[in-house]
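A.B. asks: predicted structure and sequence below. I'll ask about it afterward.
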Amino acid sequence: MSFPPTRRKLLGSVGIALTAGCLSDDDDDDQTGENRDERDDSDTNSTNHNDSDECDLTPRSGQGRSEPIETAVTVDDVDDIEKECASAAADAAIDHLDDSLDVDLSDPDSYWISSVLRQTADGYRIEIHIIAANSGGDDGSYLYCPPEQFEFESAIEALPSRVNVTLNVNDEENGYECSHEVWAIQEERHYD
């Protein structure tokens with residue numbers, strides 16, 4: 001964990017287990033669920049709580065189309081250096097997207113977006129999940145939904161195709177380097 005730990009890292013580490021179980025749809029991949037933030041879905045005062053039965057979201061996915069970006073991060077003792085490096089790449093990708101769009105993704109009430117590490121045979125892939133959450137009840141209302149001004153195509157165009165990271169552990173002279181693809185996945189989830 002980087003020092004001082006960012007709010008994203010600190011709160012995201014708490015949501016790992018929850019997200020890994022909710023997002024897994026492929027037994028061959030290990031989705032570790034390094035979420036941006038821990039969020040309490042029971043917060044009905046959230047700006048993303050949407051009592052309507054409308055949420056204009058089309059499920060789709062795509063790799064980022066913007067030029068690759070680079071970042072350097074300093075951390076103290078890590079157990080899994082590749083995972084820590086991928087986590088730094090995920091933070092850099094979502095920060096870049098936040099800076100590029102007219103939608104505030106750093107808002108703690110942005111329940112509808114999170115970054116996830118998906119472990120594949122080739123290492124980790126960074127996924128930015130855009131989510132519409134349907135309550136699954138008889139009324140068909142949505143717990144949260146991306147704001148109307150969010151456009152998936154604009155996000156894909158702004159999202160870097162890859163993030164290259166230099167991870168400096170314990171101020172060592174030569175850092176650990178990693179590079180990860182970045183994908184956006186827009187999906188609807190139903191909670192019963």
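C.D. replies: Done, it's in.
A.B. asks: okay, helices next: where are they in the chain?
C.D. replies: Using DSSP state H, the helices of the chain run over 7-14, 16-23, 81-100, 152-158.
A.B. asks: pLDDT of stretch 137-155, averaged?
C.D. replies: Stretch 137-155 carries an average pLDDT of 89.
A.B. asks: chain center to it: distance?
C.D. replies: Relative to its chain's centre, stretch 137-155 lies at 16 Å (CA atoms, centre = their mean, to the nearest Å).
A.B. asks: in that stretch, what counts as buried?
C.D. replies: 141-146, 150, 152, 155 (16 or more other CB atoms under 10 Å). C-betas here are computed from N, CA, C, even on glycine.
A.B. asks: can you say which two of the residues you listed are spatially most distant?
C.D. replies: Across the buried residues of stretch 137-155, the longest distance by CB to CB is 24.7 Å; it joins Ser141 and Ala155.
A.B. asks: if we can go back for a sec, JSON lines please, covering the buried residues of stretch 137-155 and showing distance to Val73.
C.D. replies: JSON lines is the format used below for these (distance: CB to CB, whole Å):
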{"residue": "Ser141", "distance to Val73": "40"}
{"residue": "Tyr142", "distance to Val73": "35"}
{"residue": "Leu143", "distance to Val73": "33"}
{"residue": "Tyr144", "distance to Val73": "30"}
{"residue": "Cys145", "distance to Val73": "32"}
{"residue": "Pro146", "distance to Val73": "28"}
{"residue": "Phe150", "distance to Val73": "27"}
{"residue": "Phe152", "distance to Val73": "28"}
{"residue": "Ala155", "distance to Val73": "23"}
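A.B. asks: among the residues you listed, which are in strands?
C.D. replies: Using DSSP state E, 142-144 are the members of the buried residues of stretch 137-155 that sit in strands.
A.B. asks: identify, from the residues you listed, the entry nearest to Gln119.
C.D. replies: Nearest to Gln119 out of those is Tyr144 (CB to CB; 26.6 Å).
A.B. asks: per-residue pLDDT, the residue most central in space within the chain?
C.D. replies: Nearest residue to the geometric centre of the chain (CA atoms, centre = their mean): Ser115, 0.9 Å. Per-residue pLDDT puts Ser115 at 93.
A.B. asks: list the contacts of Cys55.
C.D. replies: 132, 134, 142, 145-146, 188 (CB atoms under 8 Å, 6 or more residues apart in numbering).
A.B. asks: got phi/psi on it?
C.D. replies: Per-residue torsions, Cys55: phi -150, psi 110 (degrees, to the nearest 10).
A.B. asks: what about it, distance to Ser114?
C.D. replies: Using CB to CB, to the nearest Å, one gets 17 Å for the distance from Cys55 to Ser114.
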